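Undergrad: Output the structure for:
(chains A, B and C)
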Amino acid sequence: MSGRVVGEPSRRTFLRGLSAAALAAGGAGALAACSGSSGSGAVTGGTGEPSGSITVWSWKNPAAELKALIPAFNAVHPKVQVNVQDIGNPAIWDKITIAMEAGGQGLADLLHIGVDYLPSYIEKFPNGLADLSQLGANQYADAFAPGLWQTVSRGSKVYALPWEANAAGFFFRADLFKQAGVDPNTLATWDDVIAAGKKVKAATGVGLFAVDKSASQADSANLLQLLMQLQGVFYFNLDGKITLNSPEAVRALTLVKEMNDAGLLVDVQGSPGTTGYDTAVKSGKVAVCPDPAWYGGYLETLTPDTKGDWQLILPPAVTQGGSRSAIVNSTHLAVSGTSKNQRAAFAFAEFALTRPDSQVSIFKAKGIFPALLKAYDDPVFHQADPFFGGQKYAEVFVEELSKPSAPTNYTSDYARALKAVDDAQTKVLLQGADPATVLRAAATQLAQQTRRSQA
Amino acid sequence: MSLALRERSGGRGEAPTRPAGPGRRPGRSTARLAPYLFILPALALFAGFRLYPIGWSFVLSLYHTEGMTQSWTGLGNYQRLIHDPLFWKALGNTALILVVQVPVMLCLALGLSVALNSALLRWKPLFRLGFFLPVVTGLVTYGLMMGALLNQDSGAVNWLLGLVGLPEVHWLTDPFWAKVSVMLALTWHYTGYNAVIYLARLQGIPDEHYEAAAVDGAGAWRRFWHITLPGLRPAMLLTVVLSTIGTLQLFDEPFIMTGGGPDNATTTIGVYLYQTGFRYFDFGYASAIGYALVLIISVLGLIQVKLAKEED
Amino acid sequence: MARTGPAFRATTRGQVLLTGSLLVLLAFTVAPLYWLLIASTHNQHDIFGRPPRLLPGGELGTNLTHLQTSVGFGRVVINSLLLATTYTVLGGIVCTLAGYGFAKYRFRGRGFLFSVLLLALVVPTQLTIVPLFKLMVNLGWLNTYQAVLLPNLALPFGIFLMRQSMRALPDELLQAGRIDGCGELGLFFRVALPTMRPALAALAMYLFLFQWNDFLWPLVALRDPSSYTIPVALAALTGSSDIDYGQLLTGTAVAAVPMAVLFLFLQKHFVSGMLAGAVKQ
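TA: You can find the predicted model right below:
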C-alpha cells in the first residue's frame, strides 16, 4: 500500500441524486459522496524546504530521463523522495482519466501530460490539477517558447509547466531531390512542393510523404493540421468556435488531396514513431518527413546508414509569403489537485523544466526538444550534425521556437476534433470525396457533439 | 451488502424456503437458512462491487457531463442517441458482425466438433489442444500479433498471398477488408472454444441412438439431422446466447486492430462507448450508450430463450 | 468396426482424409501462435523482415534479459501467477457456493436475484470502472491486491456456469443424504462437490484465464510497478515511439505459455465440464 491515498471529505456535493440512488442500492453508496478535492486556496506540502515523497507518472523515454535527474535533484532538495513510474503511453491516459473522473483521487503527485489531453483536464476537471501560480509559477511566463504559456494557463491560474516543444520541420532526402534536379531551398509554397514532388517521383519513383490514410492512429492528420497551422488557423479559433469549415481548412485538405491524386502520398499504418511510418522512411519509400523536431534525433538512430542524405528546412508557406513556422505539439508536467505534497512535486517539475542543465542533458540523451528558451544557449543546439550533411539542424528549430507565435487553442474537445478530421481525411484519400463537402459535414457533426458553434 | 442482509432476514421471517423436492423435514431452521448462506458471499461481493457501480453509471446516464461538470438532463442523453449518426453506424457494424460472423463461426464450430468426435479421427488430444489454444491469448498478445501479421507491407499474410500469386490485400486499411479482418480474427479466436462446448455435449449422446438409427437404415446425413442436431440443442442455445452478448459488447478486436477505423467502418458500440467516456470525457453519454446496449441485449436474449422454449 | 475387405479400406481412407483436412485447418489456427513463438526468439529487425522467419533465432535470452531490466519481468510473472491462482481459488469457492444455492434450493427472491446477476453479465465493464475506482480510493485499497481481486470474485458467468452444472445433480442423492442426517454444508461437500469435478475444472480454467488476461482494471487499481501483472507491465513497453518488438513479443509469448499448460492438464475435465454447463433440464 503506497499510502498516497487521499480520503478527505469534499466540500462540494458530487451528484446529489446519484449518491441518493447509490444509497438505496447498497450501504456502500455513502462512500460516493466523498469526492476528495483540495479545492482552490491552500497549497499542500507545508512551508519552507520541500520534503516527503512524491510519485511521478510518465512514459518510456521521458520517464527514464526524469529518473536520471533524481540524484542531481536530491543534491538540492535532499528531503524529497522521488518515485518515477513508467506507465506507458497510451495506458497513462486511461489511468489519469479514470482517476480524474473519480474526483481526482488516486492520481500521482506529478503528471506528464501531452497537449492533446491537457486542455481537457484543465477545463473539464476544474480541481483535477493544482494552480501553480500559488507556488510562484508565474515567474516562468516568459521562460518558454512563445505561445506555450497560453496552453498551460487560464487567466492568472497556471496548471502546468511546458516541457517538450515540437516545432514543425521539413526533413528531406537531399540525395533524391538532387537526382530529380530540384533544390528544396527554393520551395516557397506548397504548390512548389507538389510540383517538386512530381519531379522526384518521376526521377526516382519515390513518393513525397507517408500518410496513414485509413487513420489507424488519432494523429493521422498531422500533415493536414500542419497545413492549417501554417495558415494561422486550427480546428478551433481563440474563442473556441469550430473552424473546420474555414476556407483555410478546405485549402489544406485540397492540397492533401492533390498530392494524393498525383500519387505522392505513400499509405502507411501508423504515425511517426510507430513501425508502419518508420519502416516506410527507413526503406526509402518517401523523400520528405514533414515532422517536428524530435523526429530529427529519431531519424539518426532509425536509419544510421542514410547518414549525410538528410537535410532540413522549415516547411514552405501555404500562400506566397505566408508563415513557415508552427508549434505542432508539446508536453507538460502538471501537479495533481489532490496531491498531498504539491510543494515538493512542483519543486521537482521546476528542477526538471526550468533549469537549463536538466533540459540540455535530456535533449542530449533522448532528443526531447525543450520548450525552455534558456536551454537553447547551450552549444549542443548550435553544432553541425554530420547526419544532416553538416547542417546545424537543432538551430533551425531553435530559431523557429524563439519567434513570436500565435497560440493554438486546442480546447477541451481536441480529441473529438481529431476524430472528425481523421474521418474526413480518410473519406477524401480512400474514397475520393470532395474536401469542402466532408469538412462541412465534419464541422456540423463536431458542433452537434460539443455544443460549440461554428465560426 | 444491505441487500443481502434484507434477503436473509426475509428468508427467516416468511419461511417459504425449502430444499427442492419432497420429503423436507419441517422446522429445520438451518435448512431454511442454508440457501441464503450459500449465496451470501457472492451476493455481498456482488452488491458492493458490482451493483453499486452499475447503479452509479445508470444514474450518470441521466446527466449531461463534461468531465466533472454535471447537470441533470433526464432522458436527454438517450434522445441524443437517436440523432447521433455515429451511434447508428456503430450499431449497424455491430449488427452486421452479429448476423454474419456469429452464424459462420458457430457452423464452423459445429463441423469441427463433429469431426473431433468422429471415430475416424486420430490424435484427438492434439487437435483439441490446438483448436482451443487461440482462446488463451489476451488483449495485448492478440493486438500485437494481428497487427503484425495483417500489416499491409510487412505482414506475413500478404507475403503468403504474394507467394501464390494473389494481390496484396489492404487488410486493416480498407473499409471492407477491415470488417473482414475483424470477423476473421473473431472467428480465429473463438471457434475452438465453441467447438469444445459442442464436443462435450456430443460425447453425451448415447451411441445406442446412432446404432438404432443405423439399423433403421438412416444415412450419415439423416443421423446428423435427426440425432446430432437435436442432441446439441442446449449447447447451441448456450453458445448463441454467449456469442450474442459477446458480439454486442465487442471491444477488444476492433479497438486493437483498427481503432474502429477506417472512417468508422469497424466502430462497434463497445468502441464508441470507450471513445466517448475515456477520450471525450463524456461519461454521461457513454453510460447512455451502454444502457441502450443493455436494453438491446436483454430483448434479444429474451427472444432467443423464448424461441428456444417454444420449439421444445 | 469392420476389419475386412472394402469397408476396412474405406475406413482407412476416411481416416486419412478427415485427419488430413483437420491438420490443414489446425495449421491455420496455430500459425499465428507459431509466428509469435518464433518472433520471440528474434530481434526487432528480423521480426519484420521478409520473408518472415520460420525457424527459431538465437535472441530469446537477450529479449528476456531486456524484459527483466526494463519491467522486472520475473517479478511480474510471479505477481500474475499469484494473483490468478488466488483469484481462481477464492472465486471458485464463491461461484460454486452460489451456483449450488441457486440450483438446489427454492427460496424467496431466487428468480429475482438470479436475473439481477444475469443483468450484470450484459453491462459493459468500462461503465463500472470509475465508480469502482472511487470505491477503492475511499476504502484505502488502491494499489492492493484485494482491490484487484474482490470486485470480480462473484463473477456472473462463473455463477451461471456452476448453477447449470449443479442442476444436473439428481435431487434424490441429496434427499438420501438428508435422511442419513447429513447437514446442508455436509451435503454440499460430501455429495454435491465430488460429482462436480469436471465443472470445477471448467470454472477454474475460466477464472484463471479471466484474471491472467485482465488489463484495464489492474492497470488502474495497481500503482506500484513492482506489483504489476503481465498485461499491465507490457503496456508500459508500448511507448508512443521506439517500441522494442523483440521484448514485447517475448513477453506476450511467455504470457501465453502457462495458459496452454493449464489447458493441457485440465482439458479432459474441462471438456466434460462445458457439457454440464450446457445441460439444461
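
Undergrad: Which phi and psi values does whichever residue of the stretch 301-450 of chain A sits closest to chain C adopt?
TA: Going by Cβ to the nearest Cβ, chain C is nearest to residue A:301 of the stretch 301-450 of chain A, at 8.2 Å. C-beta: built from backbone N, CA, C; applies to glycine. When quoted as degrees, to the nearest 10, the phi and psi of residue A:301 stand at phi -90, psi -30.

Undergrad: okay, now whatever residue of the stretch 101-250 of chain A ends up closest to chain B: neighbour count?
TA: Closest approach between the stretch 101-250 of chain A and chain B, counting by Cβ to the nearest Cβ: residue A:124, at 2.6 Å. When neighbours are counted by other Cβ atoms under 10 Å in any protein chain shown, residue A:124 registers 21.

Undergrad: go on, the one 10 residues further on?
TA: By other Cβ under 10 Å, the residues close to residue A:134 number 17.

Undergrad: State which one residue of the stretch 201-350 of chain A is found closest to chain C.
TA: Residue nearest to chain C within the stretch 201-350 of chain A (Cβ to the nearest Cβ): residue A:273, separated by 2.9 Å.

Undergrad: Next secondary structure element downstream of the helix-or-strand element of chain A with minimal mean pLDDT?
TA: Every helix and strand of chain A was ranked by mean pLDDT, DSSP states H and E. The lowest is helix A:16-25, at a mean of 35. Under the assignment DSSP states H and E, the closest C-terminal helix or strand after helix A:16-25 is strand A:52-58.

Undergrad: what comes up buried for that following strand?
TA: By 16 or more other Cβ atoms under 10 Å in any protein chain shown, the buried positions in strand A:52-58 come out as A:52-58.

Undergrad: Also stretch A:224-236?
TA: Judged by neighbour count using 16+ other Cβ under 10 Å, the buried positions of stretch A:224-236 are A:224-231, A:233-236.

Undergrad: Stretch A:136-147 too?
TA: For stretch A:136-147, burial by neighbour count (16+ other Cβ under 10 Å) applies to A:137, A:140, A:143-147.

Undergrad: And the pLDDT at the residue of the stretch 101-250 of chain A closest to chain B?
TA: Predicted confidence (pLDDT) for residue A:124: 88.

Undergrad: residues touching the residue nearest to it when sequence neighbours are not counted, list them.
TA: Leaving aside its sequence neighbours, residue A:124 sits nearest to residue B:67 (Cβ to Cβ, 6 or more residues apart in numbering or on different chains; 2.6 Å). When contacts are counted by Cβ atoms under 8 Å, 6 or more residues apart in numbering or on different chains, residue B:67 touches A:100-101, A:120-121, A:123-125, A:128, A:412, B:281.

Undergrad: Next: residue B:122.
TA: Per Cβ under 8 Å, 6+ apart, neighbours of residue B:122: C:15, C:19.

Undergrad: hmm, back to that, ok, the residue of the stretch 101-250 of chain A closest to chain B touching residue B:280?
TA: No. Contact criterion Cβ atoms under 8 Å: residue A:124 and residue B:280 do not qualify, at 9.4 Å.

Undergrad: Number of residues surrounding residue A:384?
TA: Other residues near residue A:384 come to 11 when the count uses other Cβ under 10 Å.

Undergrad: how far away is the residue nearest to it when sequence neighbours are not counted from residue A:133?
TA: Closest residue to residue A:384 apart from its sequence neighbours, by Cβ to Cβ, 6+ apart: residue A:390 at 4.7 Å. Plainly put, residue A:390 is 45 Å away from residue A:133 if you go by Cβ to Cβ, to the nearest Å.

Undergrad: Name the residues of stretch A:166-175 that are buried.
TA: Under the neighbour-count criterion of 16+ other Cβ under 10 Å, stretch A:166-175 has A:166-175 buried.

Undergrad: show me where the chain has strands.
TA: Went with chain A since none was named. A:52-58, A:80-86, A:110-114, A:153-154, A:157-158, A:161-167, A:170-173, A:209-211, A:265-267, A:288-289, A:310-313, A:327-335 (DSSP state E).

Undergrad: look at chain C instead
TA: Ranges of strands in chain C, per DSSP E, are C:105-106.

Undergrad: What are the neighbouring residues in contact with residue A:311?
TA: By Cβ under 8 Å, 6+ apart, residue A:311 lies in contact with A:171-172, A:174, A:184, A:388-389, A:391.
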